[in-house]
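In: Structure here, sequence nowhere to be found:
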């Protein structure tokens, strides 16, 4: 319990140090900008007209000692940096003790009292603010500045990633069209390792189709077979001669026709039942395996190879079209639409409230006039 209290008190101390460092950094950066502007005669003349005593004092005592005063700030920043480095080594935050200055390089570069290096101290403000946000000490997520940064940071990242993705997809398309190694690698490294699973899936689909769909179309198949055999018998001259046999000609022809139809349908029915049976799983697997090999052997079928390449090329083109869609614009349009609906709702509520007010104003005189009507009628009488 005492250890947790000490840790909590230590954290409070570090958070207080973070706020103190932010205040010093803001003061230091503001003073650097002010001193830089003070170099210009136009600024000095304006300040002298507004506050002559302060301008003379600053020009005589502070401005000549700019480097010395800035070094005092730098000493504080370096002290805080080495304290955090020592704590990082003590708590083993990083894998090696010398990782800290490389990770927080901007803190060291910002301490260099030369020109543009000073403005790297702004990165220290950002890092400290992020650390306080991460620990829940402050919450800046709903502020206008953070929303602005988050919005345009997302737009920048999305645009950069879209450009990189489009370049990669275009390179893959060129390799597919020109017969590069991409197609072979997809077949050998993606499709072939899944060969057994794909063959099993094809076999299962054949069994499922034969088992579930055949019963629903069984009578249709029987009728179709009967119609085809009737047509074939009608077009056959030998069967036409059977009708010339007296008395039994038509009966014999019909019997033979029905027998042929029953045999053909029996063969079809048996095949479909065999396909739906688990006993023929080996035969189905071998058939699916042969079909799978026939699909992958592109050397033997250039037309199939062309279809595969066209399919992959078209698929990649669809992906590129989707990548080109600027999602951030769609999000902005959705937000604008919601904002417009909210404004429209408010305007309608105001108009409705004004209508109710006007109705009340019109109704009150009517009531008063009605109240006066009986007296007027009595006077008239």
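Out: Looks like it arrived, so ask away. Model, not experiment: these values are computed from the prediction.
In: Tell me who's in contact with residue 82.
Out: With contacts taken as C-beta atoms under 8 Å, 6 or more residues apart in numbering, residue 82 has no neighbouring residues. Every C-beta, even on glycine, is put in place using the N, C-alpha and C of the backbone.
In: Which stretches in the stretch 1-150 of the chain count as helices?
Out: Assigned by DSSP state H, counting those that start in this stretch, the stretch 1-150 of the chain shows helices spanning 2-38, 41-50, 52-57, 66-90, 99-103, 105-110, 121-134, 144-177.
In: Compute the inter-axis angle for the longest one and helix 66-90.
Out: In this case it means helix 2-38. Calculated by axes from the mean of the first three to the mean of the last three C-alpha atoms, to 10 degrees, helix 2-38 forms an angle of 160 degrees with helix 66-90.
In: mean confidence score for helix 2-38?
Out: Helix 2-38 shows a mean pLDDT of 76.
In: other SSEs contacting that helix?
Out: helix 41-50, helix 66-90, helix 121-134 (3 or more C-beta pairs under 8 Å, 6 or more residues apart in numbering; DSSP states H and E).
In: again, but for the third one
Out: Contact partners of helix 52-57 among helices and strands, from 3+ C-beta pairs under 8 Å, 6+ apart: helix 41-50.
In: mind listing what's buried in the helix it packs on?
Out: By 16 or more other C-beta atoms under 10 Å, the buried positions in helix 41-50 come out as 44, 47.
In: relative orientation of it and helix 2-38 in degrees?
Out: For helix 41-50 against helix 2-38, the angle by the same axes, to 10 degrees is 100 degrees.
In: What lies in contact with helix 41-50?
Out: Outside helix 41-50, the residues that touch it by C-beta under 8 Å, 6+ apart are 37-38, 54-56, 59.
In: ok, which pair from the residues you listed is furthest apart?
Out: 37 and 56 (16.9 Å; C-beta to C-beta).
In: contacting residues around residue 56?
Out: Shown in contact with residue 56 (C-beta under 8 Å, 6+ apart): residue 48.
In: Swap in 10 Å and give it another go.
Out: Residues near residue 56 by C-beta atoms under 10 Å, 6 or more residues apart in numbering: 47-48.
In: What's the separation between residue 250 and residue 257?
Out: 10 Å (C-beta to C-beta, to the nearest Å).
In: the more surrounded of these two?
Out: Ranked by neighbour count (other C-beta atoms under 10 Å), residue 250 and residue 257 place residue 257 first, with 19 against 11.
In: Not counting sequence-adjacent ones, nearest residue to that one?
Out: residue 233 (5.0 Å; C-beta to C-beta, 6 or more residues apart in numbering).
In: For that neighbour, identify the helix or strand it belongs to.
Out: Taking DSSP states H and E as the definition, residue 233 sits inside helix 218-235.
In: Report the contact partners of residue 73.
Out: Residue 73 sits in contact with 24-25, 27-29, 31-32, 111, 113, 118, 121, where contact means C-beta under 10 Å, 6+ apart.
In: And it, what's its pLDDT?
Out: pLDDT recorded at residue 73 is 93.
In: ok, now the one 3 residues further on?
Out: Residue 76 carries a pLDDT score of 93 in this model.
In: Break this structure into its domains for me.
Out: For the chain, the structural domains run 10-139, 185-324, 332-356, going by automatic domain parsing.
In: Select, out of those domains, the one closest to residue 162.
Out: With C-beta to C-beta as the measure, domain 185-324 is the member of these nearest residue 162 (5.4 Å).
In: For residue 201, state which of the contacts of helix 41-50 is nearest.
Out: Ranked by distance to residue 201 (C-beta to C-beta), those are led by residue 37 at 73.3 Å.
In: which residues touch the closest one?
Out: Contacts for residue 37 (C-beta under 10 Å, 6+ apart) come out as 43-44, 46-47.
In: Quick check: the farthest pair among the residues you listed?
Out: 44 and 46, at 7.4 Å, using C-beta to C-beta across the contacts of residue 37.
In: quick revisit: got TSV for the domains of the chain, with distance to residue 173 too?
Out: Output for those, formatted as TSV (distance: least, C-beta to C-beta, whole Å):
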stretch	distance to residue 173
domain 10-139	40
domain 185-324	5
domain 332-356	30
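In: so which of the ones you listed comes closest to residue 156?
Out: domain 332-356 (14.6 Å).
In: got the contact list for that closest one?
Out: Outside domain 332-356, the residues that touch it by C-beta under 10 Å, 6+ apart are 151, 155, 326.
In: so of the helices of the stretch 1-150 of the chain, which one's packed in deepest?
Out: Of all the helices of the stretch 1-150 of the chain, helix 105-110 has the most neighbours on average by mean count of other C-beta atoms under 10 Å, namely a mean of 17.
In: I'd assumed residue 258 was in contact with residue 229.
Out: Yes: with contact defined as C-beta atoms under 10 Å, residue 229 and residue 258 form a contacting pair (8.8 Å).
In: I am finished for the moment; much appreciated.
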